[in-house]
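Q: coordinates only, sequence not included:
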């Protein structure tokens, strides 16, 4: 318990028992009784925190952040707070900069870019000099509303709010604040069906024809028929990863290397890929290591060039061009193979596939309505025989036609107009 003492000259002081059992004093100088009582309450809370390991009450955390340097120095000499040099880092700008510097060695470059983007917008809204302890849940709500008002994608808003919550959770763990003002803000990135589109194989073939370089043709094919993440997984491919005899290749994903499989998976060399692999191999100089050797500059924007090829093919660029080709492949494979096999080939969980990739297409509706018109051709309910492939029918991946249909449309509305990947966020 802290008490107030008054000296003969009118100067006041606060006496308290420290964690080691000794009595300590914080001199206040001349101040009113009311101010002394307020300071005494905060000193008592600080002492309780050091003795019992209790969380620092929010009002006291705010007070410590705003208190003048002279009194703060006296609190530090009494071992109630860290010296001002450390406290300055509790200003939002300095704190987030310091934290990102600490994480620079253990997060991937792509993740660090997103974290710095989230930090920049958070500090822009709240202010560089804003005390971390003074940020309130109302500030968090206002920040989210600000991001939404800027017409950003829902996934972007969710990701940046998620990192804001993470920054303040770090501050809470370090006992700079008692509560996380962003704790009620959901930062989960969800799939956006409105930006999901099924890309027919015929359209992709036109784009491949518009690209004159064999490596570019392979890049497009790897996205559409291999389901690879572009550019990271394609650029990681080496010729040692490609097994022409076994018709398969190894994919290494930096995005999922923290998973149990180390981010390594084996993908079939689907018929649509084989000719492109051979073409690039035939043109590769002797001793080449990487399959894709020409587009390895980190500053190169493969998306922009892909859009140029789409336009040159006489097509309208679709949203998220690389991701939607991967999503299209996930949809196709789900119709042909067990779900766990598809997830293994594409390098994501079944839950992620359902949330971000798989789509309902016009082809699904066509097959459903044709089955309804031809019930006699359906197998009996208990018949588990695998239908044989008729003579002359290709075993290549079928070419589905049409756009994806939002599941929300199917579930919540009529079956009228048919409409149509994830952030990484690096997903």
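A: That came through fine. Note that the structure is a prediction, hence the values are computed from the model and not measured. Residues are numbered from 1 along each chain as shown.
Q: Pull the contacting residues for residue 119.
A: 96, 97, 100, 163, 167 (Cβ atoms under 8 Å, 6 or more residues apart in numbering). (C-beta placed from N, C-alpha, C; glycine too.)
Q: mind running it again at 10 Å?
A: Going by Cβ atoms under 10 Å, 6 or more residues apart in numbering, residue 119 touches 92, 93, 95, 96, 97, 99, 100, 160, 163, 164, 167.
Q: in what helix or strand does the third one lie?
A: Translated: residue 95. helix 92-103 (DSSP states H and E).
Q: Okay, buried residues for the next helix-or-strand element following that helix please.
A: Downstream of helix 92-103, the next assigned helix or strand under DSSP H and E is helix 109-126. Neighbour counts over helix 109-126 (16 or more other Cβ atoms under 10 Å) mark 111, 114, 115, 118, 119, 121, 122, 123, 125, 126 as buried.
Q: Please list all residues in contact with the closest residue to residue 160 other than its chain neighbours.
A: Closest residue in space to residue 160, ignoring its immediate chain neighbours: residue 118 at 4.3 Å, by Cβ to Cβ, 6 or more residues apart in numbering. Counting by Cβ under 10 Å, 6+ apart, residue 118 touches 96, 100, 147, 156, 159-167, 187.
Q: ok, back up a step: just the buried residues of helix 109-126 now: which is nearest residue 182?
A: residue 122 (9.6 Å; Cβ to Cβ).
Q: do you know how far the closest one is from residue 246?
A: 49 Å (Cβ to Cβ, to the nearest Å).
Q: Residue 345 now?
A: 15 Å.
Q: more neighbours, those two?
A: Relative neighbour count places residue 345 above the other of residue 345 and residue 246, with 21 against 10, counting by other Cβ atoms under 10 Å.
Q: helices and strands around the host helix or strand of that one, which ones?
A: Secondary structure assignment for residue 345, by DSSP H and E: helix 339-346. Packing partners of helix 339-346 (3 or more Cβ pairs under 10 Å, 6 or more residues apart in numbering; DSSP states H and E): strand 248-252, strand 264-268, helix 321-336, helix 350-352.
Q: rerun that using 8 Å as the cut-off
A: Other helices and strands packing on helix 339-346, by 3 or more Cβ pairs under 8 Å, 6 or more residues apart in numbering; DSSP states H and E, are strand 264-268, helix 321-336, helix 350-352.
Q: nearest to residue 179, of these?
A: Checked against Cβ to Cβ, the stretch from these lying closest is helix 350-352, at 30.9 Å.
Q: Am I right that residue 24 falls within a strand?
A: Yes - under DSSP: H, G, I helix; E, B strand; the rest coil, residue 24 falls within a strand.
Q: residue contacts, it?
A: Contacts of residue 24 (Cβ under 8 Å, 6+ apart): 15, 16, 17, 18, 78, 79.
Q: closest to residue 308 among those?
A: Looking across these and measuring by Cβ to Cβ, the closest to residue 308 is residue 79, at 64.1 Å.
Q: My read is that the closest one contacts residue 51, right?
A: No - in this structure, residue 79 is not within contact of residue 51 by Cβ atoms under 8 Å, at 11.1 Å.
Q: Show me whatever sits in contact with both of the two.
A: Taking Cβ under 8 Å, 6+ apart as the criterion, residue 79 and residue 51 both touch 18, 19.
Q: Tell me where the stretch 201-350 of the chain has helices.
A: 201-210, 214-224, 232-235, 271-283, 302-312, 321-336, 339-346, 350-352 (DSSP state H, counting those that start in this stretch).
Q: could you dump these to JSON lines with distance to residue 136?
A: Output for the helices of the stretch 201-350 of the chain, formatted as JSON lines (distance: least, Cβ to Cβ, whole Å):
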{"stretch": "helix 201-210", "distance to residue 136": "50"}
{"stretch": "helix 214-224", "distance to residue 136": "45"}
{"stretch": "helix 232-235", "distance to residue 136": "39"}
{"stretch": "helix 271-283", "distance to residue 136": "54"}
{"stretch": "helix 302-312", "distance to residue 136": "39"}
{"stretch": "helix 321-336", "distance to residue 136": "37"}
{"stretch": "helix 339-346", "distance to residue 136": "42"}
{"stretch": "helix 350-352", "distance to residue 136": "34"}
